[in-house]
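Trainee: my questions are about this predicted structure, shown below with the sequence.
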Amino acid sequence: MSSATPLAVVVPDLSVGGLQGMAVDLIAALDPDEFAPHVYSFDAGGPLEERLAELEVPHVHMPRAHGVAPGYARELGERFSADGIQLVHCHNVTALFHGARAAWRAGRVPVLFTEHDREMPAPWKHRILHRWLARRVTRTVAVSAGLARDLTRFEGFPAARTSSRVNGIPDPQLRALPDRAAARAELGWDERPVILAVGNLTPVKNHLGFLKVFDRVAQALNGEVRFVLAGSGPLHDGIRAAADALPAGDVELLGRRDDVARLLAAANVFVLPSHREGLPLSLVEAHAMERPSVCWDVGGNGEVTVANSTGFLIDYGDEEAYAARLLELLRDADLATRMGAAARERFTEHFTHAAMVADYVEHYRQLLGARV
């Protein structure tokens, strides 16, 4: 019989997203002789279920009613008890609402909470609820320093038990990847410069707003530029219609992709037009792939990009400045190469997956030791 500690990982769903990808990558890196992870989702399953199956990690989808969902914490707590859970790791505040109450019912199991991204300050009713939840968390980790400060300032998470840990990703360059020319040939792209964005097609990602910036760039380059967007979501048709109305340049919507590293290998510049971010893993991956980036100076973007070194941070809303910096990178290949090299160096120093996993494993061990 295994002596590994049963660990509950509570996520809203298993769709392809930053939160879910980080959670599953972390699970994949755990020593199976030390931890036996079980995944619980409450909104939906998703494509990442296949990866959990490959890892032989149990996943239970327990649908819940929206809102308070009376009785759900009791049902989830009973499942924790049946699975022998000794530690609960909740990813996002809704997971915390259900997971922390279930952990209490399962025998006051310690709770680690990772906050990935949330608009702050929340409405006052939510802040009252979150202050109540904060007292039921054993330890909180935010994915950026700014987010950690907001949790303590607005929602009463104790500073002594709240810290930040930037997300890391497995190094995409450990895989055999084509160079730019080969990647473009595989993708059927011509030699026009490529601006790449990766993200779900939702309002917060602000792709519709970025089309205004791209319009400036495309007209300045007489249409000799391509904007490629990888991702799926409810705004697909609106983005497509707006892109088709532009007078110059090509916009390609690829849908959800599993080959983001290859897309980055083929691209010239990475852009992140979101108006809010926690710690964007797509930006970390762009750094890992030696691509300069241009993004708004919001959320945790400045904790990844070093302004004027690994890319450019733009004051939010200054579309003229955003377009000017993009044009600078597209017209100056040497500058783009230097910034890309600096981005890669920053990735290896601060955003490796191994360092992130080691920190979380240390949190797990401390919480389990405190329980003993």
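Mentor: That came through fine.
Trainee: any idea how far Gly317 is from Arg105?
Mentor: Applying Cβ to Cβ, to the nearest Å, the value for Gly317 to Arg105 is 47 Å. From N, CA and C alone the C-beta is placed, and that goes for glycine too.
Trainee: where exactly do the helices run in the stretch 251-372 of the chain?
Mentor: Using DSSP state H, counting those that start in this stretch, the helices of the stretch 251-372 of the chain run over 260-266, 281-288, 301-304, 319-331, 333-350, 353-371.
Trainee: chain neighbours aside, what residue packs nearest to Pro172?
Mentor: Ala261 (3.8 Å; Cβ to Cβ, 6 or more residues apart in numbering).
Trainee: show me the contacts for the nearest residue to Asp315 once chain neighbours are set aside.
Mentor: The shortest distance from Asp315 to any non-neighbouring residue, by Cβ to Cβ, 6+ apart, is to Asp297 (6.0 Å). Going by Cβ atoms under 8 Å, 6 or more residues apart in numbering, Asp297 touches Ala307, Leu313, Ile314, Asp315, Tyr316.
Trainee: quick one: which of these has the most company?
Mentor: Ile314 (24 neighbours; other Cβ atoms under 10 Å).
Trainee: show me the beta-bridge partners of that residue.
Mentor: Trp296 (DSSP bridges).
Trainee: please shift the residue numbers so they start at 55 in all later answers.
Mentor: Sounds good: first residue 55 from here, last item Ile368.
Trainee: hmm, it is touching Ala377, no?
Mentor: No. Using Cβ atoms under 8 Å, Ile368 is not in contact with Ala377, being 9.5 Å away.
Trainee: ok so, going back, just say which of the helices of the stretch 305-426 of the chain is most tucked in.
Mentor: helix 335-342 (a mean of 26; mean count of other Cβ atoms under 10 Å).
Trainee: so for it, mean pLDDT?
Mentor: For helix 335-342, mean pLDDT rounds to 94.
Trainee: what is it packed up against?
Mentor: Packing contacts for helix 335-342, counted by 3 or more Cβ pairs under 8 Å, 6 or more residues apart in numbering; DSSP states H and E, involve helix 72-83, helix 314-320, strand 323-326, strand 347-350, helix 355-358, helix 387-404.
Trainee: which residues does the third one contact?
Mentor: Looking back up the chat, that one is strand 323-326. 247-253, 264, 318, 334, 336-337, 340, 345-350, 355, 365, 380, 383-384, 390.
Trainee: where does the chain dip in pLDDT?
Mentor: Filtered on pLDDT under 70, the chain yields the residue ranges 55, 425-426.
Trainee: can I see the domain layout of it?
Mentor: 59-222+406-425, 226-404 (automatic domain parsing).
Trainee: now do the helices in the stretch 55-204 of the chain.
Mentor: Taking DSSP H, counting those that start in this stretch as the criterion, the stretch 55-204 of the chain carries its helices at 72-83, 102-109, 126-136, 147-159, 178-188, 199-209.
Trainee: and Asp291, how many neighbours?
Mentor: Neighbours of Asp291 (other Cβ under 10 Å): 10.
Trainee: so it, which state does it fall into?
Mentor: helix (DSSP: H, G, I helix; E, B strand; the rest coil).
Trainee: where's it relative to Val282, distance?
Mentor: For Asp291 relative to Val282 (Cβ to Cβ), the value is 18 Å.
Trainee: and what of Phe134?
Mentor: Distance from Phe134 to Val282, by Cβ to Cβ: 43 Å.
Trainee: what about those two, which has more around it?
Mentor: Neighbour comparison, Phe134 and Val282: the larger count goes to Phe134, with 24 against 20 (by other Cβ under 10 Å).
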